[in-house]
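**Student:** Take a look and give me a structure for this.
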Amino acid sequence: MKRYANALLFGALLLSGQVAHADVVDDAIGNIQRAIGDAYNQDSRDHRREDDYQRSEERRQDDDRYRQLEDRRRQLDDRQRQLDRERRQLEDEQRRLEERDDYR
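**Tutor:** Residues are numbered from 1 along each chain as shown. So this is what the prediction gives:
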């Protein structure tokens, strides 16, 4: 009976050692898979951040260009108003001269 108990104890220890070894291997594989997944997700996040930054930079540049165009348009409008005012003044002056000539 002692041999039977020793064999049973030895078998139990042997099996538990293999199960423990399998758990360690399984944990290691799980850790590797998580590390790969985290690295992939981190790369994806980094790419998304870079893409978001690039898009925001492009938007900022577009906004700056629109502001420049609006400023230029306002300048042209101001210049056009000034030219219109000068034209009216010239026309008024010409009329006055023509009226003076008519009276002579």
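
**Student:** Can you show me the strands along this protein?
**Tutor:** With strands called from DSSP state E, the chain shows none.

**Student:** Where does pLDDT dip in it?
**Tutor:** Regions of the chain meeting the criterion pLDDT under 70 cover residues 1-25, 42-46, 103-104.

**Student:** all helices of it, in order?
**Tutor:** Ranges of helices in the chain, per DSSP state H, are 2-103.

**Student:** Could you report the neighbour count for I29?
**Tutor:** Close neighbours of I29, defined as other CB atoms under 10 Å, add up to 10. Glycine gets a C-beta too; all of them are placed from N, C-alpha and C.

**Student:** Over to L83?
**Tutor:** Neighbourhood size, L83 [other CB under 10 Å]: 10.

**Student:** Then R96?
**Tutor:** R96: 10 neighbours (other CB under 10 Å).

**Student:** What of D84?
**Tutor:** By other CB under 10 Å, 10 other residues sit near D84.

**Student:** And it, how close does it get to Q75?
**Tutor:** Distance of D84 to Q75, computed by CB to CB, to the nearest Å: 15 Å.

**Student:** next one: I36
**Tutor:** Remark: distance between I36 and Q75 (CB to CB) = 58 Å.

**Student:** now S56
**Tutor:** For S56, the distance to Q75 equals 29 Å [CB to CB].

**Student:** again with R85
**Tutor:** R85 sits 16 Å away from Q75, going by CB to CB.

**Student:** swap in Q54?
**Tutor:** 32 Å.
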